[in-house]
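Enquirer: Starting from these lines, generate the structure:
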Amino acid sequence: MNLLLNNGIILLTRSSMKQTLQTFTVIFLGLLMGGLGSYVGFNLLSEKADLYRETSEVVSESSIQASPTAEIDRAIGGMVDSAHAGESGTIISGEENAPYRMFDSGLYEQAVSDKSVIVLYFCSDEDPICQVESPDIAEGFDKLTVSNVVGFQIDYQQETMSAYEKELVEKFEIDTQHTKLVLVDGEEVLRSSEAWTTPRFVEAVEKVVNDL
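Expert: Take a look at the predicted model:
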């Protein structure tokens, strides 16, 4: 009887140890697989993060290189020599057919008296649109096929503007840089604050002249 009892206890003890070992094995494998999964997942996320950063850097560099103002190396006013850019009456372009000059009050009044079509361009060397647009405006005067057109560039900066220029700003209510005005008999017939390309400038000015 004692022998049977002892054998039963031994069998129960072995069974318990077997179950404990199986339970421990399952738990260990679970922890191992969980840890491995976390490691793999972390690496994948890290790789994706690195790829995203590399892609973002490439896009950022491309955006800088594609910036319309990144490679501008032309002085405001297009063809004006920077050493003489502030002198009134200095020819910028259009010398043969439609002179475009730095603003001069005497030449402006003469153009009004002659009933010329006058183009006033209010711009600033601090304005990015002016930096891009100014050379196109200057080139536009060279490409005009109509006559009796006179243009003036007005430096739209309060500290450098003359009293006469300030009067024109007030008279025509100029409130933004890169504003273009076309005048007939001294009166405004066309205004634009949009950025103009050379073809757009030529089209707008020639239409005004041809419609007279």
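Enquirer: thought Asp185 was touching Val117?
Expert: No. Here Asp185 does not reach Val117: they are 9.4 Å apart, not a contact under CB atoms under 8 Å. Using the backbone N, CA and C atoms, a C-beta is placed for each residue, glycine as well.
Enquirer: between these two, who's got more neighbours?
Expert: It is Val117, of Asp185 and Val117, that has more neighbours when counted by other CB atoms under 10 Å, with 24 against 11.
Enquirer: could you point out which element follows the helix or strand of the chain with the lowest mean pLDDT?
Expert: Ranked by mean pLDDT, DSSP states H and E, the helix or strand of the chain with the weakest confidence is helix 2-66, at a mean of 46. Using DSSP states H and E, the helix or strand that follows helix 2-66 in sequence is strand 91-93.
Enquirer: Domain ranges for this structure, per the record?
Expert: Using automatic domain parsing, the domain parsing of the chain gives 1-66, 82-210.
Enquirer: where's the spatially closest residue to Ser162 that is not a sequence neighbour relative to Gly89, distance?
Expert: In space, and not counting its chain neighbours, Ser162 is closest to Ser105: 7.1 Å by CB to CB, 6 or more residues apart in numbering. Counting by CB to CB, to the nearest Å, the separation of Ser105 from Gly89 is 10 Å.
Enquirer: Same check on Ser193?
Expert: 26 Å.
Enquirer: re the thing from before, contacting residues around the residue nearest to Ser162?
Expert: Residues counted as contacts of Ser105 (CB atoms under 8 Å, 6 or more residues apart in numbering) are Ser88, Ser162, Tyr164.
Enquirer: so what's the closest residue to the first one other than its chain neighbours up against?
Expert: Read it as Ser88. Closest residue to Ser88 apart from its sequence neighbours, by CB to CB, 6+ apart: Asp104 at 4.1 Å. Asp104 makes contact with Ser88, Gly89, Phe152 under the criterion CB under 8 Å, 6+ apart.
Enquirer: List the buried residues for stretch 175-191?
Expert: Residues of stretch 175-191 classed as buried: Gln177, His178, Thr179, Lys180, Leu181, Val182, Leu183, Val184 (neighbour count, 16 or more other CB atoms under 10 Å).
Enquirer: Need the residues you listed in a markdown table (columns: secondary structure and distance to Glu203).
Expert: Converted to a markdown table, those look like this (DSSP: H, G, I helix; E, B strand; the rest coil; distance: CB to CB, whole Å):
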| residue | secondary structure | distance to Glu203 |
| --- | --- | --- |
| Gln177 | coil | 22 |
| His178 | coil | 18 |
| Thr179 | strand | 18 |
| Lys180 | strand | 13 |
| Leu181 | strand | 16 |
| Val182 | strand | 12 |
| Leu183 | strand | 18 |
| Val184 | strand | 17 |
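Enquirer: Reformat those residues as a markdown table; add pLDDT and distance to Leu212.
Expert: Shown next, in a markdown table, are those (pLDDT from 0 to 100; distance: CB to CB, whole Å):
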| residue | pLDDT | distance to Leu212 |
| --- | --- | --- |
| Gln177 | 92 | 29 |
| His178 | 94 | 26 |
| Thr179 | 97 | 22 |
| Lys180 | 97 | 18 |
| Leu181 | 97 | 16 |
| Val182 | 98 | 11 |
| Leu183 | 98 | 12 |
| Val184 | 96 | 7 |
